[in-house]
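J.: when you get a sec, could you give me coordinates for this:
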Amino acid sequence: MTKRISARELPTIIPCTDDYARLVAQNWDTVQEAFRHTPTPHFCDRLDQWQRAAADIGDSLEGRHLVDLNGRPFLMCATGARGGFKYRLESDDILIFIGSPKREWTISVRYLSAGLWEHGLGPLRQRALDALKDLAFVPKSPLYADDDFIRVSRADWAFDFYSPQFTHEYRNEIAANVIARSAVKSSEHFDLDQGVQIWRTATQGQGLTIGSKTGLQLQLYNKTKEIDDKSGKTWMYLIWVEGLDGEWPWGARPKDVWRLEVRLSGNFLKDRDIRRPAQLDAHLPELITEALCNRRLTVPNPHDEDRSRWPLHPLWERALREFSRDKIRPIGRTVTGRRDALVDNAVGQLAGQLRNATVLNLKDYSPAGRDVLIRQALRRLDEDPDHAKKIIAAQARYSTVDEAR
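T.: Okay, the predicted model is just below:
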């Protein structure tokens, strides 16, 4: 758990009308999770056999061998994947990566776009768990709660807009209208980062990328052009038509559908204490709000030199309307555990540091020298200009020490 910060003003907005853009779809587009499962020895043997069978198919490393995981068909790949994963199993909807059984979090599962749009995240997760049943087990450990065996490592949420007007407006120069805030080091201070290196023109079709894949990234691109040029995901057409209440506003093929994709991963999730799927679900509105406000496209105001006050672009406003919150997840993790144990540990650290400081100062230990340092430390504590703020931060950090993890 973490403390919540007080409400702060959202950027000035330009409302998005249906004449400008219509939200035709939104959903998870890619999600990746780590499972704290350990493959059984028998499963490891079968994985080795299946991988050899895949490698024997053809002369390349692209061989695939059809296998059965508890009644669910997967293709075993001849090669593993980056990140120390020796084995890779594929289906149309799920990828399963498996590393050494000596590693604690050695299984990673990626839920693919087609499966997420068709079935939803919950059913896909259950499908993956069913596939691994009796083939991998969760070790018992006092460090984890019974349900703490899945960790979210990446989560991409997609908004699709039908907007012929934005297609007409789009130019690569639109990148100059991006406002991106740098990584936040505290919940109280936001530094504006105008570095042009944080955005680029997408290489596939028309698009704009803001941020890094390793943390928080937003990408805006022409989804209809991307389907035509690269992915071939024409099944999205049916979803868009449903979002348009059965209307087909195009000619032979859809056009002018733009995707705004919010990609949450790595330290961005960890720093906001988002680890488990339930936490991601519970705090998704705050996470989307923060992403849209801190990595945002704006409409220039020629009468205001302060770019941070430029109005939010209508596409961002329409997405924000779906998830808007006046609070965001602050950076920082709340300590949990027994209060008495934590106090005892802190006192022990204070005693050790005081002994070390005394010896460092006098080359020996003496009560008188120790007391001089104590008085100096107390004076510095009382004269600290941020003393009150640090008290509030400490209160938040230890607000749940008596609660179960």
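J.: got the phi/psi numbers for residue 304?
T.: phi -130, psi 120 (degrees, to the nearest 10).
J.: next one: it from residue 57, what distance?
T.: 63 Å (Cβ to Cβ, to the nearest Å). To be clear about C-beta, it is placed using only N, CA and C from the backbone, and glycine gets the same treatment.
J.: residue 29 in helix, strand or coil?
T.: Per DSSP: H, G, I helix; E, B strand; the rest coil, the local secondary structure of residue 29 is strand.
J.: so what pLDDT did residue 92 get?
T.: Listed pLDDT for residue 92 reads 92.
J.: shouldn't it be within a strand?
T.: No: under three-state DSSP, residue 92 falls outside any strand and is assigned coil.
J.: was I right to think it contacts residue 111?
T.: No: the pair residue 92 / residue 111 is not scored as a contact, 11.3 Å apart, by Cβ atoms under 8 Å.
J.: which of the two has more neighbours?
T.: Using other Cβ atoms under 10 Å as the criterion, residue 92 and residue 111 rank with residue 111 on top: 25 against 10.
J.: which residues are in contact with the more buried one?
T.: Applying Cβ atoms under 8 Å, 6 or more residues apart in numbering to residue 111 gives the contacts 28, 30, 31, 32, 33, 93, 94, 121, 124, 125, 128.
J.: what ranges of the stretch 101-250 of the chain fall below the confidence cut-off?
T.: Applying pLDDT under 70 to the stretch 101-250 of the chain flags the ranges 142-147, 181-205.
J.: residues in contact with stretch 63-83?
T.: Here stretch 63-83 makes contact (Cβ under 8 Å, 6+ apart) with 46-47, 50-51, 53-57, 61-62, 86-91, 94, 96-97, 99, 108, 127, 130-135.
J.: for the stretch 101-250 of the chain, which segments count as strands?
T.: Under the criterion DSSP state E, counting those that start in this stretch, the stretch 101-250 of the chain carries strands at the ranges 107-111, 136-137, 150-162, 178-180, 199-201, 207-211, 216-222.
J.: per-domain residue ranges of this structure.
T.: 22-28+156-323, 37-137, 339-397 (automatic domain parsing).
J.: what mean pLDDT does the shortest one get?
T.: Confidence for domain 339-397, expressed as mean pLDDT, is 78.
J.: now do that domain: distance to the chain's middle.
T.: 37 Å (Cα atoms, centre = their mean, to the nearest Å).
J.: and if you look at the second one?
T.: Here the centre of domain 37-137 is set off from its chain's centre by 23 Å, with Cα atoms, centre = their mean.
J.: what does the longest one give?
T.: Using Cα atoms, centre = their mean, the distance from the centre of domain 22-28+156-323 to the centre of the chain it belongs to is 14 Å.
J.: what's the first-to-last distance across that domain?
T.: End-to-end distance for domain 22-28+156-323: 16 Å, by Cα to Cα, to the nearest Å.
J.: same question, stretch 213-233
T.: Using Cα to Cα, the end-to-end distance of stretch 213-233 comes to 22 Å.
J.: what of stretch 93-112?
T.: End-to-end for stretch 93-112, by Cα to Cα: 5 Å.
J.: show me what counts as buried in it.
T.: Buried residues in stretch 93-112, counted by 16 or more other Cβ atoms under 10 Å: 93-99, 101, 105-112.
J.: likewise stretch 369-388?
T.: By neighbour count with 16+ other Cβ under 10 Å, stretch 369-388 contains the buried residues 369, 370, 373.
J.: is residue 287 in a helix, a strand, or coil?
T.: Residue 287 ends up helix, using three-state DSSP.
J.: distance of residue 148 relative to residue 37?
T.: Applying Cβ to Cβ to residue 148 and residue 37 gives a distance of 13 Å.
J.: apologies, that question was intended for residue 134.
T.: Going from residue 134 to residue 37 by Cβ to Cβ gives 11 Å.
J.: neighbour-wise, which of these two wins?
T.: A side-by-side neighbour count of residue 134 and residue 37, using other Cβ under 10 Å, places residue 37 first with 24 against 9.
J.: so what sits opposite the closest residue to the more buried one other than its chain neighbours in the bridge?
T.: Leaving aside its sequence neighbours, residue 37 sits nearest to residue 136 (Cβ to Cβ, 6 or more residues apart in numbering; 3.8 Å). With DSSP bridges applied, residue 136 shows beta-bridge pairing to residue 39.
J.: need the contact list for residue 136.
T.: 35, 37, 38, 39, 40, 43, 107.
J.: closest to residue 156 among those residues?
T.: Nearest to residue 156 among the contacts of residue 136, counting by Cβ to Cβ, is residue 35 at 19.1 Å.
J.: quick one, what contacts that closest one?
T.: Neighbouring residues of residue 35 by Cβ under 8 Å, 6+ apart: 105, 107, 108, 109, 128, 132, 136, 149, 150.
J.: also residue 31?
T.: Residue 31 makes contacts with 110, 111, 116, 121, 152, 154, 155, 156, as judged by Cβ under 8 Å, 6+ apart.
J.: and residue 84, by the same measure?
T.: Per Cβ under 8 Å, 6+ apart, neighbours of residue 84: 99, 100, 103.
J.: so what touches stretch 366-376?
T.: With Cβ under 8 Å, 6+ apart, stretch 366-376 has contacts from 354, 355, 357, 358, 361, 362.
J.: C-alpha coordinates for it, PDB please?
T.: What follows is stretch 366-376, C-alpha atoms only, in PDB (Å, rounded to 0.1, in the frame of the first residue of the first chain):
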ATOM      1  CA  SER A 366      34.100   6.900  24.400                       C
ATOM      2  CA  PRO A 367      30.800   7.900  26.000                       C
ATOM      3  CA  ALA A 368      31.700  11.600  26.000                       C
ATOM      4  CA  GLY A 369      32.600  11.600  22.300                       C
ATOM      5  CA  ARG A 370      29.500   9.600  21.600                       C
ATOM      6  CA  ASP A 371      27.300  12.200  23.400                       C
ATOM      7  CA  VAL A 372      28.900  15.100  21.400                       C
ATOM      8  CA  LEU A 373      27.800  13.400  18.200                       C
ATOM      9  CA  ILE A 374      24.300  12.800  19.600                       C
ATOM     10  CA  ARG A 375      23.900  16.500  20.300                       C
ATOM     11  CA  GLN A 376      25.200  17.400  16.800                       C
END
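J.: noted, bye for now.
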